[in-house]
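Undergrad: This is a predicted model, with the sequence first.
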Amino acid sequence: MFGLNPIALQEKTKAIQEHCINMEVSHEHSNGVCVTVSANRIKDLAYDAEKHSHEQVKDAINQCFEKWSSETKEYFETNIDTILESVPKVFRQELKNQLLGS
């Protein structure tokens with residue numbers, strides 16, 4: 001009827017969630033450790049084993065994951081209206097519920 005059924009709505013929700021999960025964020029810590037992460041995976045890590053301690057590397061990784069979390073949240077908040085406009089009004093609340101429930 002509206003060109004979108006519950007299965008299509010689930011697929012759209014999944015695609016949006018996967019976009020956020022796959023977003024890559026890079027961070028260069030003040031101590032010089034460079035990290036790139038996406039969701040729960042470290043994509044790239046560059047540091048000098050002689051110069052950087054285990055704690056410095058761990059701190060840089062944690063800060064990068066915090067940055068990823070912040071940026072994906074910002075992406076979602078910034079784009080929620082556009083995302084919801086992409087589906088018929090009758091499905092908007094359901095899509096919002098599915099996205100916020102994740």
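TA: In hand now; what should we look at? Residues are numbered from 1 along each chain as shown.
Undergrad: And the longest helix seen in the chain, what's buried?
TA: Scanning the chain for the longest helix, with DSSP state H as the assignment, gives helix 54-85. For helix 54-85, the neighbour count (16 or more other C-beta atoms under 10 Å) marks 56-57, 59-61, 63-65, 68, 72, 76, 83 as buried. Glycine gets a C-beta too; all of them are placed from N, C-alpha and C.
Undergrad: For it, name the packing helices and strands.
TA: Contact here means 3 or more C-beta pairs under 8 Å, 6 or more residues apart in numbering; DSSP states H and E; on that basis helix 54-85 packs against helix 6-22, strand 25-28, strand 34-38, strand 41-46, helix 89-100.
Undergrad: before we move on, back to that, just flag the most distant two among the buried residues of helix 54-85.
TA: 56 and 83 (38.1 Å; C-beta to C-beta).
Undergrad: Any chance you could list what contacts the least confident helix or strand in the chain by mean pLDDT?
TA: Here the helix or strand of the chain ranked lowest by mean pLDDT, DSSP states H and E is helix 89-100, holding a mean of 82. Residues outside helix 89-100 that contact it (C-beta atoms under 8 Å, 6 or more residues apart in numbering): 2, 4, 9-10, 12-13, 16-17, 76, 80, 83-84, 87.
Undergrad: Flag the shaky bits of the protein, pLDDT-wise.
TA: 1-4, 102 (pLDDT under 70).
Undergrad: Name the stretch among the helices and strands packed on helix 54-85 that sits most buried.
TA: Of all the helices and strands packed on helix 54-85, strand 34-38 carries the top mean neighbour count, a mean of 19, counting by mean count of other C-beta atoms under 10 Å.
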